[in-house]
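1. Sharing a model prediction with you, sequence too.
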Amino acid sequence: MKFIKLKLFSPIMAKGEAPYENPWDGGDDYRILIEREKKKCRDDMYEAVCENLFPIVLPHCFEHSIYSAVPAIEEKNGRLMLCLNCECYRTLSESELDELCGWWENKVVEANERLSKIRIKTKKLGRIIIYLWFMNGWSIEPIFPAMQRS
């Protein structure tokens with residue numbers, strides 16, 4: 001059986017600790033990491049994000065339409081993204097896609113609240129803060145559109 005692949009993307013923003021201490025600052029004095037720096041600690045970021053996302057339990061309504069849903073960190077258009085890789089039994093309807101996106105957004109928002117409050121220790125860059133971000137809603141990418149059959 002061939003599965004239909006579907007991905008949901010959300011950009012990852014990461015900030016590093018400022019190279020100096022500023023005791024009167026409210027804590028916003030962090031330098032935004034450029035993509036090259038973020039890629040150096042990709043594995044550490046993945047581990048931290050997954051710890052805050054698990055368990056990934058799809059809503060019951062997707063039991064017969066989605067075989068698996070696994071989070072990953074991937075590069076898309078030169079940027080690191082949190083990605084939910086789905087393998088579907090069939091093409092999802094527009095309402096099912098909306099429901100899936102809504103469910104995933106809630107999972108990511110919950111994880112984001114926890115991630116933005118902790119400093120993740122990375123091997124290459126020291127401590128960083130990760131933010132999961134929605135620019136203009138969700139990006140959905142059917143990977144093999146020619147194979148999508150109802």
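-> Looks like it arrived, so ask away. Residues are numbered from 1 along each chain as shown.
2. next one: stretch 110-128 to chain centre, how far?
-> On the basis of CA atoms, centre = their mean, to the nearest Å, the separation between the geometric centre of stretch 110-128 and that of its chain is 14 Å.
3. buried ones in it?
-> Within stretch 110-128, the residues scored as buried using 16 or more other CB atoms under 10 Å are 111-112, 115, 119-120, 122, 125, 128. C-beta here means a position set from N, CA and C on the backbone, and glycine is covered the same way.
4. In helices only, show me the residues you listed.
-> Filtering those for membership in helices, criterion DSSP state H, returns 111-112, 115.
5. out of these, which one sits closest to Ile32?
-> Nearest to Ile32 among those: Leu115, at 15.3 Å, using CB to CB.
6. In three-state terms, label the closest residue to the closest one other than its chain neighbours for me.
-> Once its chain neighbours are removed from consideration, Leu115 has its nearest residue in Ile130; the separation is 4.7 Å (CB to CB, 6 or more residues apart in numbering). At Ile130, secondary structure determined by DSSP: H, G, I helix; E, B strand; the rest coil is strand.
7. residues in contact with Ile130?
-> Residues in contact with Ile130, defined by CB atoms under 8 Å, 6 or more residues apart in numbering, are 12-14, 45, 48-49, 115-116, 120.
8. Now render the residues you listed as TSV, adding distance to Ile73 and pLDDT.
-> Formatted as TSV, the entries for the contacts of Ile130 read as follows, by distance: CB to CB, whole Å; pLDDT from 0 to 100:
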residue	distance to Ile73	pLDDT
Ile12	7	89
Met13	13	88
Ala14	11	89
Met45	6	93
Ala48	10	93
Val49	7	92
Leu115	13	88
Ser116	17	85
Ile120	13	89
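9. That's all I had, so thanks and see you.
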